[in-house]
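Asks: Sharing a model that was predicted from the sequence below.
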Amino acid sequence: QVQLQESGPGLVKPSQTLSLTCTVSGGSITENFFYWSWIRQPPGKGLEWMGGIIWDGNTYYSPSLKSRASISRDTSLNHVTLQLRSVTPEDTAVYYCARLRLGRYDFWGQGTQVTVSS
């Protein structure tokens, strides 16, 4: 069974960089045809796809976040990392990592709350 676990600071100050890690167990992040996504949900709003990294290491970003987001991976640790620069209170959200396979998200992490506040 594949499991995803997000981790990172719960509180970040405005203008700082948010760093989150998604640790994957029960499967490899380099396995063909899997896409590892970061998705967030601000309070009272819907899910927002932020970007992701596919099995060959290529990354893709939402146009609205491309200038601030970086997604990378560590294949030895089997985890995927999200960095979001210059955060504002509008970046307050629950952040999820999820695996996309054959056009649908089949595994999700439980999510981690991030609050941007001074």
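Replies: Nice, I can see it. Residues are numbered from 1 along each chain as shown.

Asks: Quick one: end-to-end length of stretch 38-50, please.
Replies: Terminal residues of stretch 38-50 are spaced 5 Å apart (CA to CA, to the nearest Å).

Asks: CA atoms only for the host helix or strand of Y96, dumped as PDB, please.
Replies: Taking DSSP states H and E as the definition, one finds Y96 inside strand 93-101. Taking Å, rounded to 0.1, in the frame of the first residue of the first chain, the C-alpha atoms of strand 93-101 are listed here in PDB:
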ATOM      1  CA  ALA A  93      -3.800  26.500   3.300                       C
ATOM      2  CA  VAL A  94      -3.800  22.800   3.900                       C
ATOM      3  CA  TYR A  95      -1.100  21.400   1.600                       C
ATOM      4  CA  TYR A  96      -1.400  17.900   0.200                       C
ATOM      5  CA  CYS A  97       0.800  15.700  -1.900                       C
ATOM      6  CA  ALA A  98      -0.900  13.200  -4.100                       C
ATOM      7  CA  ARG A  99       0.000  10.600  -6.700                       C
ATOM      8  CA  LEU A 100      -1.500  10.900 -10.100                       C
ATOM      9  CA  ARG A 101      -1.900   7.700 -12.100                       C
END
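
Asks: so the next helix or strand after that strand versus strand 93-101, what angle?
Replies: Counting by DSSP H and E, the next helix or strand C-terminal to strand 93-101 is strand 104-108. If you take axes from the mean of the first three to the mean of the last three CA atoms, to 10 degrees, strand 104-108 sits at 120 degrees to strand 93-101.

Asks: ok, residues contacting strand 104-108?
Replies: The contact list for strand 104-108 (CB atoms under 8 Å, 6 or more residues apart in numbering) reads V2, Q3, L4, S37, Y96, C97, A98, R99, L100. Just so you know, the C-beta spots here come from the backbone N, C-alpha and C atoms, and that holds for glycine as well.

Asks: I appreciate the help and will end here.
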